[in-house]
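K.L.:
Mind looking at a prediction? Sequence and model below.
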Protein chains: 2
Amino acid sequence: MNNILIIGCGLLGSSLLRKIKKKNIAKKIFIFEKSKKNLSKIKKLKLPCEIVKKPENVIHKSKLIILCTPMSQYKNLILRINKFLTPKNVITDVGSSKVSSLKIINKNLKKKIFWTSSHPIAGSEVSGPEYGTQNLFENKWCVLIKDKRSSIKQIKFLKSFWKKIGSKIIVMDAEKHDKIFSITSHLPHLVAYNLVKSAQDFERKQKYNLIKFSAGGLRDFSRIAASNEVMWRDIFFDNKINISKAIDLFIKNLKDFKKDIYLKNNRSILKKLVQTKKVRSKILKLKQDTNKPDFGRN
Amino acid sequence: MNNILIIGCGLLGSSLLRKIKKKNIAKKIFIFEKSKKNLSKIKKLKLPCEIVKKPENVIHKSKLIILCTPMSQYKNLILRINKFLTPKNVITDVGSSKVSSLKIINKNLKKKIFWTSSHPIAGSEVSGPEYGTQNLFENKWCVLIKDKRSSIKQIKFLKSFWKKIGSKIIVMDAEKHDKIFSITSHLPHLVAYNLVKSAQDFERKQKYNLIKFSAGGLRDFSRIAASNEVMWRDIFFDNKINISKAIDLFIKNLKDFKKDIYLKNNRSILKKLVQTKKVRSKILKLKQDTNKPDFGRN
């Protein structure tokens, strides 16, 4: 392939960079990164790329452009690079919610330019180029979004690209994507944030030192609750309708559960606990997680 | 030490058994186990113990008696062994909630017998003697409960025992214990169960295949939601008052969060997401979890 321009070089951008280099997918990898802190890390790590101060200057030299910034930066970036884009560019992003961000893309991107959104289901609670790893996408799903700005040719191109990166590909529309991930990803994250916040509220009120006893379950949630706050604020805002519905469904289940334990409804509680256990087996069967007990931590 | 009788030989009982043997803490280890399935596993694994069919027959030979069964079995076990117990026996259990179980113990245990309850903060989503490991308690907290049935002498004895097992000891009363663990352990578990249940409800309703996309966060919760259902039913029932309060606090936070994302309250959301991040740092500083990103899974 020709050159690739990665805009935003944190955990995801730098992982892509490493893998593109390793697999020799591009001649040159251009990096545009706003954060001075990240830039100095990229230099210190000697990541194999050409750092550019003006992304607009290398667009004509880049076949593929990948946005790896928080979604709230898309609009400004599009306005900045818009007039340099041509229909030959393949443009994608790695954002975690799609309907709202595609509205912004469709509204601001100039006519006849394609944009095919990607969502690699990969990440971590840590942020920054120093945590990137070329294996981040290995055997992970990457969702490609079929939308009015995408073309069959571009989808084909991106399928081939993400396969080289190590991902398994699935194509769906933005609405379905946002519904699915409101449940499998966005709800778990906000639940983790709110569970940890509840522990903090309790600690403040009771003046107990709780955190040292977190190994009973709380520590698992604290990992997810340590995820990047800007990225997650953007996701929560962008997918708020689906997420609100997910919160309502979850609160309904919590209330039913509370009633069950209050009434010591043995049959109902056991049924629920046995049912939910099955999901773990499914996840392990699908190789979506390590099968070692306790994630193999101890 | 003299001999030790372990009643219930699943994950915790068999882990204790392995460690007691390894550290040569007892002359003989007697095991009483009701489940035929577990018994055949214990035999197959050749765990170093003497299996007894009647625990009452070896009580006079055992200094220490440790109950490692679900809490709902305590009453029947106490009634069975009551008349064989003497004040010389040190009796403990490893249950995860204390106020209710101590009520049952106090009501049924005959007079002048001591019982000092323990709660080792150790476990896993898997059950059964085949998963036991001698390192399960290493550097983990073990809470000892000061109660009217405990004596200074017995607490001292158990402190020494759990230290040999590898635990760090803290003594507190049952009320404080149940409040703390309603937040750090019981709430996270019921949240995990209900989150997975919500995903199942959604899947059924929308007819989407969600589970294959669980790597976005759901898979973490599925691990905890795979925990033993009988053990957890007992905990939820026994500590229902504290747990109900924890659910209320948590639902209040969820509703506030929903409002914040609905109104796109940037400042409030960012403040919350940054605050909760700090708990992870504390947990890692206290060495309550691995510091590897993503639990070192990938």
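P.N.:
Looks like it arrived, so ask away. Residues are numbered from 1 along each chain as shown, chains lettered A, B, ... in the order given.
K.L.:
is any part of stretch A:66-79 close to chain B?
P.N.:
No - for stretch A:66-79, no contact with chain B is found by Cβ under 8 Å from any Cβ of the partner chain; the gap never falls below 9.6 Å. C-beta coordinates here come from the backbone N, C-alpha and C atoms, glycine included.
K.L.:
chain center to that stretch: distance?
P.N.:
Centroid separation between stretch A:66-79 and its chain, computed with Cα atoms, centre = their mean, to the nearest Å, is 14 Å.
K.L.:
do stretch A:59-75 as well
P.N.:
On Cα atoms, centre = their mean, the centre of stretch A:59-75 falls 16 Å from the chain's centre.
K.L.:
how is chain A carved up into domains?
P.N.:
Following automatic domain parsing, one finds the domains of chain A at A:3-172, A:177-263.
K.L.:
start to end distance for the first one?
P.N.:
With Cα to Cα, to the nearest Å applied, domain A:3-172 spans 27 Å between its terminal residues.
K.L.:
what is the rounded mean pLDDT of that domain?
P.N.:
Averaging pLDDT along domain A:3-172 gives 97.
K.L.:
Buried residues, stretch A:36-50. List them.
P.N.:
Across stretch A:36-50, burial judged by 16 or more other Cβ atoms under 10 Å in any protein chain shown covers A:Asn38, A:Leu39, A:Lys41, A:Ile42, A:Leu47, A:Cys49.
K.L.:
Mean neighbour count, the domains of chain A: which tops it?
P.N.:
Across the domains of chain A, the average number of neighbours (mean count of other Cβ atoms under 10 Å in any protein chain shown) peaks for domain A:177-263, which reaches a mean of 22.
K.L.:
about what we covered before: could you list which of the buried residues of stretch A:36-50 belong to helices?
P.N.:
A:Asn38, A:Leu39, A:Lys41, A:Ile42 (DSSP state H).
K.L.:
Reformat those as TSV; add distance to chain B.
P.N.:
Converted to TSV, these look like this (distance: Cβ to the nearest Cβ, whole Å):
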residue	distance to chain B
A:Asn38	17
A:Leu39	22
A:Lys41	16
A:Ile42	18
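K.L.:
Any idea which of the domains of chain A gets closest to B:Cys9?
P.N.:
Of all those, domain A:177-263 sits nearest to B:Cys9, with 22.0 Å by Cβ to Cβ.
K.L.:
What's the end-to-end length of that closest one?
P.N.:
End residues of domain A:177-263 are separated by 39 Å (Cα to Cα).
K.L.:
distance between it and the chain's centre?
P.N.:
17 Å.
K.L.:
From A:Arg233, how far off is the most centrally placed residue in chain A?
P.N.:
Nearest to the mean C-alpha position of chain A, by Cα atoms, centre = their mean, lies A:Ser96 at 4.5 Å. To A:Arg233, A:Ser96 is 12 Å away according to Cβ to Cβ, to the nearest Å.
K.L.:
Tell me how far the residue located most distally from the centre of chain A lies from chain B.
P.N.:
Most distant from the centre of chain A: A:Leu263, at 40.4 Å, with distances by Cα atoms, centre = their mean. A:Leu263 sits 9 Å away from chain B, taking Cβ to the nearest Cβ, to the nearest Å as the criterion.
K.L.:
Please tell me I have it right and A:Leu11 contacts A:Gly132.
P.N.:
Yes - assessed by Cβ atoms under 8 Å, A:Leu11 is found in contact with A:Gly132 at 5.6 Å.
K.L.:
Next, the angle from the longest helix along chain A to helix B:240-262.
P.N.:
As assigned by DSSP H, the longest helix anywhere in chain A is helix A:240-262. Going by axes from the mean of the first three to the mean of the last three Cα atoms, to 10 degrees, helix A:240-262 is angled at 170 degrees with respect to helix B:240-262.
K.L.:
what's helix A:240-262 packed up against?
P.N.:
Judged by 3 or more Cβ pairs under 8 Å, 6 or more residues apart in numbering or on different chains; DSSP states H and E, helix A:240-262 is in contact with helix A:187-206, helix A:266-285, helix B:187-206, helix B:240-262.
K.L.:
Relative to B:Gly217, tell me which of those wins on proximity.
P.N.:
Per Cβ to Cβ, nearest to B:Gly217 of the helices and strands packed on helix A:240-262: helix A:187-206, 3.4 Å.
K.L.:
what angle sits between the closest one and helix B:240-262?
P.N.:
120 degrees.
K.L.:
pLDDT (mean, whole number) over helix A:187-206?
P.N.:
Mean per-residue pLDDT for helix A:187-206: 96.
K.L.:
could you point out which element follows it?
P.N.:
Going down the chain from helix A:187-206, the next helix or strand is helix A:218-224, by DSSP states H and E.
K.L.:
Whichever strand or helix holds A:Asp234 and chain B in contact?
P.N.:
A:Asp234 is part of helix A:229-238 when elements are defined by DSSP H and E. Yes - residues of helix A:229-238 are located near chain B by Cβ under 8 Å from any Cβ, namely A:Glu229, A:Val230, A:Trp232, A:Arg233, A:Phe236, A:Phe237.
K.L.:
Just give the number of residues close to the closest residue to the fourth one other than its chain neighbours.
P.N.:
In this structure, A:Arg233 finds its nearest non-sequential neighbour in B:Ile269, 5.2 Å apart by Cβ to Cβ, 6 or more residues apart in numbering or on different chains. Look at B:Ile269: counted by other Cβ atoms under 10 Å in any protein chain shown, it has 21 neighbours.
K.L.:
Distance check, B:Ile269 against A:Lys88.
P.N.:
39 Å.
K.L.:
With adjacent residues omitted, what lies nearest to A:Ser281?
P.N.:
Nearest non-adjacent residue to A:Ser281, counting by Cβ to Cβ, 6+ apart: B:Ala226, 7.7 Å away.
K.L.:
where does the one you found fall, helix, sheet strand or coil?
P.N.:
coil (DSSP: H, G, I helix; E, B strand; the rest coil).
K.L.:
Quick check: it touching A:Lys277?
P.N.:
Yes - with contacts counted by Cβ under 8 Å, B:Ala226 reaches A:Lys277, the gap being 4.9 Å.
K.L.:
Among the helices and strands packed on helix A:240-262, single out whichever gets nearest to A:Asn76.
P.N.:
That would be, of the helices and strands packed on helix A:240-262 and by Cβ to Cβ, helix B:240-262, which comes in at 22.1 Å.
K.L.:
ok, residues contacting the closest one?
P.N.:
A:190-191, A:193-195, A:197-198, A:201-202, A:236-237, A:240, A:243-244, A:247, A:250-251, A:254-255, A:257-258, A:261-262, A:264, B:178-179, B:182-183, B:186-187, B:190-191, B:236, B:265, B:268-269, B:272 (Cβ atoms under 8 Å, 6 or more residues apart in numbering or on different chains).
K.L.:
thought A:Ile29 was touching A:Cys9?
P.N.:
No - if you go by Cβ under 8 Å, A:Ile29 and A:Cys9 don't touch, sitting 9.8 Å apart.
K.L.:
what residues are shared contacts of these two?
P.N.:
A:Leu17, A:Cys49.
K.L.:
quick one: contacts for the residue in the stretch 51-200 of chain A that chain B sits nearest to?
P.N.:
Going by Cβ to the nearest Cβ, chain B is nearest to A:Ser185 of the stretch 51-200 of chain A, at 2.9 Å. Residues in contact with A:Ser185, defined by Cβ under 8 Å, 6+ apart, are A:Ser96, A:Ile121, B:Phe213, B:Gly216, B:Gly217, B:Leu218.
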